[in-house]
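Novice: here is a sequence with its predicted model. Questions after.
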Amino acid sequence: METGLFTANNVWMMVCTALVFFMHMGFAFLEIGLTREKNTINILFKNIFIITVGLLMYYIGGFNLMYPGFEDGDMGLLKFAGFGIAPPENGMTPDYADGGYTWWTDFLFQGMFAATAATIVSGAVAERIKIGPFMIFTIIYVGLVYPIVGAWKWGGGFLDGLGFYDFAGSTLVHSVGGWAALVAVWLLGARIGKFGADGKPKALPGHNIPLATAGVLILWLGWFGFNGGSVLSADPALTSLTLVTTCLAAAAGGVGAFILSAILYKNYDLTMFLNGILGGLVGITAGADQMAPFDAILIGLIAGAIIVLGVALVDKSKLDDPVGAIAVHLICGVWGTIAVGVFGAMASFDQFLIQLAGAGIVGIFCVTCAFLIILTLKKTVGIRVSKEEEIEGLDLHEHGMNAYPDFRMNQH
Amino acid sequence: METGLFTANNVWMMVCTALVFFMHMGFAFLEIGLTREKNTINILFKNIFIITVGLLMYYIGGFNLMYPGFEDGDMGLLKFAGFGIAPPENGMTPDYADGGYTWWTDFLFQGMFAATAATIVSGAVAERIKIGPFMIFTIIYVGLVYPIVGAWKWGGGFLDGLGFYDFAGSTLVHSVGGWAALVAVWLLGARIGKFGADGKPKALPGHNIPLATAGVLILWLGWFGFNGGSVLSADPALTSLTLVTTCLAAAAGGVGAFILSAILYKNYDLTMFLNGILGGLVGITAGADQMAPFDAILIGLIAGAIIVLGVALVDKSKLDDPVGAIAVHLICGVWGTIAVGVFGAMASFDQFLIQLAGAGIVGIFCVTCAFLIILTLKKTVGIRVSKEEEIEGLDLHEHGMNAYPDFRMNQH
Amino acid sequence: METGLFTANNVWMMVCTALVFFMHMGFAFLEIGLTREKNTINILFKNIFIITVGLLMYYIGGFNLMYPGFEDGDMGLLKFAGFGIAPPENGMTPDYADGGYTWWTDFLFQGMFAATAATIVSGAVAERIKIGPFMIFTIIYVGLVYPIVGAWKWGGGFLDGLGFYDFAGSTLVHSVGGWAALVAVWLLGARIGKFGADGKPKALPGHNIPLATAGVLILWLGWFGFNGGSVLSADPALTSLTLVTTCLAAAAGGVGAFILSAILYKNYDLTMFLNGILGGLVGITAGADQMAPFDAILIGLIAGAIIVLGVALVDKSKLDDPVGAIAVHLICGVWGTIAVGVFGAMASFDQFLIQLAGAGIVGIFCVTCAFLIILTLKKTVGIRVSKEEEIEGLDLHEHGMNAYPDFRMNQH
């Protein structure tokens, strides 16, 4: 292989790594924007914790757990000893990964993905979870659950053998986070005031919609790397197709959600528009390299509709998900996974069934794990802050500070 | 051609595409920062609408309209049938565009450009335009007017045949948006309170200068892709020269505007500094690959001065442009176009005349189109919100929410 | 050399240049976030001034001063005549820099670095320095002091001959800024109210912690370019190792600071977490290409601890550094420099001594220069705003505006 091609591939993968890293700022902005001011520091703290500890956990064991046996080919889930050992002999050569990138790049790109799963949960449990138990959950979920599931497909495990396809992680990343979000929201209960005495949901508006909007735009930007990097090289045809399908699905998702919500609720709802974009992005993620542009638009439009209906369904189910993470990451993650069997180059009834099975198996495993972890935490240390703390805000109680301490009104 | 070179070129073009996409966050921040809090959601909604619908319109017809006849070389403005059809046979090979990028990359890079023209208008008409008519305008302007003008030069049309030069769009993007902004501002009228009974302009200060500043820095970052990608390959000499001239013109534009406004108004005016940077960026855009660094600095300094005088002129003309879009995108866009005939490698009196003619022809066409579209909207559905809505804010009336609903003052 | 390799290298270096540029937005957000609302415009103005004027100063003389004699190899500090002269004959060919980048890219990448040193000072002196003298200081420090020190090592000067190693500038950038910050803070004195009558430090909380958090994430992103670009090519093994060590040190720095501050102060302190990340980033910068991942984690953890103790030490010393710049850039800069002699591929007692000597020599020179410049300014035009201006805010007095003029509380 030409050195130039190897180098260009690795440059692209490093750029994508940086973009996926930047998604953590997008998640942080989205979450704080859609929640109340009194819990802002707490949410930022969780996000910073996730990206730093997530990377370290992936170094300590996640990477080897997810991609086992690179030296001698065996799967052995238990055979990992930390990333600290030397790189494989060919780790810096084009032999390592068909010239797509080096072993270092591999680790870092995948490490940035790992932290994403926990971040998805963070938004759903915002404004009432205790910080300590959340940190323990993050360590276990990013350190163990995520890489085990990842190994089933991307590590060459049984889902891969089954023919299951998940290009960039509608299931392996987004639904992994989404299932845990569902379990956590259910075990935590709703925020005080979310449901009235009559059981009807009330809006608890966030405090900074400009930052939430910026968060979505940053996430879209990050998806250039999330999907574009999942080609695992800079192959011109595949990477550029992937960016086209990704952006068209995002656009269609937003427009779909905007139009449906305008019809249903007679309102130009910015938040729905934004979540529609995210739904489109999550929806295209499983098959971004398998779709024609028109497929991508259809997948996005449907994802946008799913968002509007999904948010209503979550509310109906008396689940309190402040940022819409369940609709975006779980429901659209499952939708995107199934869509691989419905649209594009791989569409067939058999593939549809395989996709359904894969999404289901991962769901069962993630729900079980999340339930065991979070229930254990609930029964031991407790997972919910006190009523007083929730009302006065987590910033004051857990962190002793607030987010805008010197913000004053002008006298004009 | 080496695969490595083709791949490296395409990587650069995809990075530039991502950067141009990110400019939409810059525009959004700039616009909301410089306007009043009560209209923030409305502006964000417009920006999200533009980027999503702009991309979809470019898919539906804009791309084929702007770059007609890639299959058989004929111009035929009417011969476009949507991007949904298959890529050209050589679309993924180095034959497609001298190895600079693939057909998919081509579409996406150009699609990101297309939305920019409408975004420029968005800032100028902020705080008083009805959202419905604005959406209709955007669809027509991005879907038809922008690609028709683009075809005249970048699609190989008559302006290209004339020898007109516009490297990255001082005329084809910025003045196309700027002329429509001028027409729209004139047909809309000024915001309530902008001009006193004596006709003197009053400042209606924006609500978030930190975000406006961030917007300008993001736009500058995006211009690395806007100009750098307009090389249409990663040619080392040309791309790196382009980034140098772009950054030096931006710096000089800012410093020029800062110094002139400090002399004229005895004040260190941050907003003028920021608009000077944007003026420098727009000014260098037409000739970024034709200038030596010193030329770029001169073009920037003059653009900076133009901003200070242009903003005053717009005010004098009783035009109400909340973000300075006319001075930045229209006046500096024309200046940058003419500057190609004055400075750098192409400077000559003949070229100067051609540049002037090109800028003028585009101006006449855009003013005519914008006038017809907006006047039609004005006479039918109306383009301006009610007095009550304008005073209470568009967020409440058009969107039923506000931008910082849970933002509270601290008790320190 | 293959054209593809040269092109891929140059693409990477241009991407890194863009990322380092973007760091200036990170610095701006960090600084305004950690300071009071009444001084926000002033800080933004300073940051915009630094990046624009810094680039122009680097064009006028800094680049040639720092990398002297590219034509005939002599050092001649006085032999520079501005960047306006033509590029070297081989400046656009692979011969210029072993095919790593073009001469234009070289200038722009280094120019983005140059402005960083002054930005570091900006945060430390915030909320009380006069804008005029600060601008004069910036011009001299970026235009002369920074490139002279840079020439000693990166320009092939005596520190390079001595065997001193500083990969991306723990000493040459961060401590150069940090020493000046120390001198400036000392000559300026503390802000009114920072130290009580009993001499005890009081917290003067900032006004926007979300933006400060975003600033740190943007800086981390920028460090992909700051360190990754310092490889001066896209060499796959070296660049990807550099990104791994950079990110692991950042993560470890944050976690180290978080844990130590939680132990010492029984609090989950977000600000400390954030500064720990920055400390880890500064700490790894001198040896990012020489460390194994585990070394990087150790360097980061120690840097995180240094931040917690360093911030306390600065407070104890009655120095008032609103953003923690001295602990982050100076102390961790020195730590990172020394760490090259302690950890990783170059570790040896001799190297340790050389690193110590290099850091010390640079420190003596920078302290001397900064002292002479700032003392001269103090004795002539004065460097500190009036008491009235400090209390009412620099925004009102120096700029006649404030940062959020139309920000209103909602009536919900």
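Specialist: That came through, no problem. Numbers count the residues shown, from 1 in each chain, chains lettered A, B, ... in the order given.
Novice: only C-alpha atoms for contact and neighbour calcs from this point on.
Specialist: OK.
Novice: contact residues of the stretch 251-400 of chain A facing chain B?
Specialist: Taking Cα under 8 Å from any Cα of the partner chain as the criterion, the stretch 251-400 of chain A approaches chain B at residues A:251-252, A:254-255, A:267-270, A:273-274, A:293-294.
Novice: of those residues, which pair is most distant in space?
Specialist: Looking at these by Cα to Cα, the two members farthest from one another are A:Asn267 and A:Pro293, with 29.2 Å of separation.
Novice: re earlier: a markdown table for the residues of the stretch 251-400 of chain A next to chain B, including neighbour count, pLDDT and distance to chain C?
Specialist: Shown next, in a markdown table, are those (neighbours: other Cα atoms under 10 Å in any protein chain shown; pLDDT from 0 to 100; distance: Cα to the nearest Cα, whole Å):
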| residue | neighbour count | pLDDT | distance to chain C |
| --- | --- | --- | --- |
| A:Ala251 | 33 | 98 | 26 |
| A:Ala252 | 30 | 98 | 29 |
| A:Gly254 | 33 | 98 | 25 |
| A:Val255 | 27 | 98 | 28 |
| A:Asn267 | 16 | 90 | 20 |
| A:Tyr268 | 23 | 94 | 20 |
| A:Asp269 | 21 | 95 | 19 |
| A:Leu270 | 24 | 96 | 18 |
| A:Phe273 | 30 | 98 | 23 |
| A:Leu274 | 27 | 98 | 20 |
| A:Pro293 | 25 | 92 | 28 |
| A:Phe294 | 19 | 92 | 31 |
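Novice: of these, which is the nearest to A:Ala370?
Specialist: Among these, and counting by Cα to Cα, the member closest to A:Ala370 is A:Leu274, at 27.7 Å.
Novice: so where's the stretch 301-412 of chain A shaky on pLDDT?
Specialist: The stretch 301-412 of chain A contains residues with pLDDT under 70 at A:408-412.
Novice: quick one: the helices in it?
Specialist: Under the criterion DSSP state H, counting those that start in this stretch, the stretch 301-412 of chain A contains helices at A:325, A:332-342, A:349-379, A:387-392, A:394.
Novice: A:Pro94 touches A:Gly100, doesn't it?
Specialist: Yes: shown here, A:Pro94 and A:Gly100 form a contact pair, counting by Cα atoms under 8 Å, at 7.1 Å.
Novice: now do the shared contacts for those two.
Specialist: Contact criterion Cα atoms under 8 Å, 6 or more residues apart in numbering or on different chains; residues shared by A:Pro94 and A:Gly100: A:Phe6.
Novice: more neighbours: the two, which one.
Specialist: Between A:Pro94 and A:Gly100, counting by other Cα atoms under 10 Å in any protein chain shown, A:Gly100 is the more crowded of the two (26 against 20).
Novice: any idea how far that one is from C:Val323?
Specialist: Distance of A:Gly100 to C:Val323, given as Cα to Cα, to the nearest Å: 41 Å.
Novice: again with A:Thr7
Specialist: Noted for A:Thr7: a distance of 39 Å to C:Val323, by Cα to Cα.
Novice: look at those two and report which has more neighbours.
Specialist: With neighbours defined as other Cα under 10 Å, A:Thr7 and C:Val323 compare such that A:Thr7 has more, 32 against 25.
Novice: thinking that one is in contact with C:Leu238, fair?
Specialist: No: counting by Cα under 8 Å, A:Thr7 does not reach C:Leu238; the two are 11.1 Å apart.
Novice: find the nearest non-adjacent residue to the residue most central in space within chain A, please.
Specialist: By Cα atoms, centre = their mean, chain A has its centre lying nearest to A:His174, at 4.2 Å. Excluding the flanking residues, the one nearest A:His174 by Cα to Cα, 6 or more residues apart in numbering or on different chains is A:His329, at 4.9 Å.
Novice: just checking, the one you found touches A:Leu172?
Specialist: No: counting by Cα under 8 Å, A:His329 stays clear of A:Leu172, with 10.8 Å between them.
Novice: assumed A:Gly99 was part of a strand.
Specialist: No: A:Gly99 is assigned coil when assessed by DSSP: H, G, I helix; E, B strand; the rest coil, not a strand.
Novice: counting neighbours, what do you get for it?
Specialist: Around A:Gly99 there are 22 residues (other Cα under 10 Å).
Novice: report pLDDT for it.
Specialist: For A:Gly99, the pLDDT comes out at 94.
Novice: number of residues surrounding the residue of the stretch 301-412 of chain A found nearest chain B?
Specialist: Proximity to chain B, evaluated over the stretch 301-412 of chain A using Cα to the nearest Cα, is greatest for A:Pro405 at 6.2 Å. Using other Cα under 10 Å, A:Pro405 has 21 neighbouring residues.
Novice: kindly report the same for A:Phe365.
Specialist: A:Phe365 has 15 neighbouring residues, counting by other Cα under 10 Å.
Novice: for the stretch 51-200 of chain A, which spans come out with low pLDDT?
Specialist: Where the stretch 51-200 of chain A drops to pLDDT under 70, the residues are A:69-86.
Novice: that one: helices as residue ranges?
Specialist: A:63-66, A:103-124, A:131-140, A:146-153, A:158-162, A:176-188.
Novice: can you say which of the ones you listed is nearest to chain B?
Specialist: Closest to chain B of those is helix A:103-124 (Cα to the nearest Cα; 16.4 Å).
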